[in-house]
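Novice: sequence and predicted structure are below.
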Amino acid sequence: MNATIRLELNDKLYLRDPQDTDLGRRLVAESVRLIDEIGFEQFTFKKLAQRIESTEASLYRYFENKHKLLVYLVSWYWAWLGYQIRFHTHNVSDAHDRLRLILGILTQAHTSDPATTQLDEAALYRIVVSEASKAYLTKDVDLDNQAGLFREYKRLVASIAEVVREINPAYPYPLALVSTLLESARKQLFFAQHLPSLTDAATRQGEQNAIYDFLLKLAFAALNQA
């Protein structure tokens, strides 16, 4: 969200690109902190406007509603995750090693990057874990999909699926496997923190390490048996 890293997202997500102005950048940064603190249900533009000492009308010039803001934040996260994966794997020739690195990134993406000083990625990661499903579990999901609002998620899935195809070109379900791994990375952590009887990760020391181990075994068991 600064001059160092600028992620280009679908312009249908916003009315005005928040990356272009100081108010827009503060809107995004503080919305991440506020949603992380109080949750998406309790979050309102009125509360955000008070927090950044602006007006609701000013915020509505950037996003038509808080749902579009949530989809924007989640999309920003998927794009940032894709950037991290490309950065850490571009010199790794072996597809098996690349997939291991990718799974590590998916399960350890909870620290902030100094290259994005205005955005708290750790807080955004917590939002994605708790709130990301709300971006598409709506009655308008088909219309939002037609508008391309889930483009960044699809691109991320497609790029990781290419690695899966390198490992096993005959595997018939690369997209299903990757989307399952991405959803599991979030949901298993959520379960470990809030519904521990639904996951084994909660009974082991180091939630992220346990989830990484589970995803690693799940991915390679599927690819080796196909």
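Specialist: Received it, and whenever you're ready, just let me know what you need. Just so it is clear, the structure is predicted and the values come from calculations on it, not from any experiment. Numbering: from 1, shown residues only.
Novice: number of residues surrounding E121?
Specialist: Using other Cβ atoms under 10 Å, the number of residues around E121 comes to 22. All C-beta spots, glycine's among them, are computed from the backbone N, C-alpha and C.
Novice: and it, how far is that from R33?
Specialist: Distance of E121 to R33, computed by Cβ to Cβ, to the nearest Å: 12 Å.
Novice: over to E183?
Specialist: Counting by Cβ to Cβ, the gap from E183 to R33 is 25 Å.
Novice: between those two, who's got more neighbours?
Specialist: Neighbour comparison, E183 and R33: the larger count goes to R33, with 16 against 12 (by other Cβ under 10 Å).
Novice: before we move on, which element is the more buried one in?
Specialist: If you go by DSSP states H and E, R33 is part of helix 22-38.
Novice: go through that helix and flag the buried ones.
Specialist: The neighbour-count check on helix 22-38 (16 or more other Cβ atoms under 10 Å) flags 23-36 as buried.
Novice: after it, next one along is what?
Specialist: Past helix 22-38, the next helix or strand by DSSP H and E is helix 45-51.
Novice: average pLDDT for the longest helix belonging to the chain?
Specialist: Looking across the chain with DSSP state H, the single longest helix is helix 66-89. Helix 66-89 shows a mean pLDDT of 95.
Novice: name the residues of that helix that are buried.
Specialist: 66-82, 84-85, 89.
Novice: likewise for stretch 190-198?
Specialist: For stretch 190-198, the neighbour count (16+ other Cβ under 10 Å) marks 190-192 as buried.
Novice: for N145, which non-adjacent residue is closest in space?
Specialist: With Cβ to Cβ, 6 or more residues apart in numbering as the criterion, N145 has its nearest non-adjacent residue at 7.8 Å, and that residue is Y136.
Novice: and that neighbour, what's its pLDDT?
Specialist: 94.
Novice: over to the one 5 residues further on?
Specialist: The predicted local confidence for V141 comes out at a pLDDT of 96.
Novice: could I get the phi/psi values of F150?
Specialist: The phi and psi values for F150, taken as degrees, to the nearest 10, are phi -110, psi 20.
Novice: quick one: contacts for A202?
Specialist: 191-193, 196 (Cβ atoms under 8 Å, 6 or more residues apart in numbering).
Novice: on that earlier part again, and the following helix or strand past the longest helix of the chain, what's buried?
Specialist: For helix 66-89, the following helix or strand on the C-terminal side (DSSP H and E) is helix 95-108. For helix 95-108, the neighbour count (16+ other Cβ under 10 Å) marks 95, 98-107 as buried.
Novice: give me the number of residues near D120?
Specialist: By other Cβ under 10 Å, 19 other residues sit near D120.
Novice: kindly report the same for R186.
Specialist: 19.
Novice: Q225 too?
Specialist: Q225: 8 neighbours (other Cβ under 10 Å).
Novice: any idea how far H194 is from it?
Specialist: 32 Å.
Novice: OK, contacts around F214?
Specialist: Taking Cβ under 8 Å, 6+ apart, we find F214 in contact with 184, 188, 200-201.
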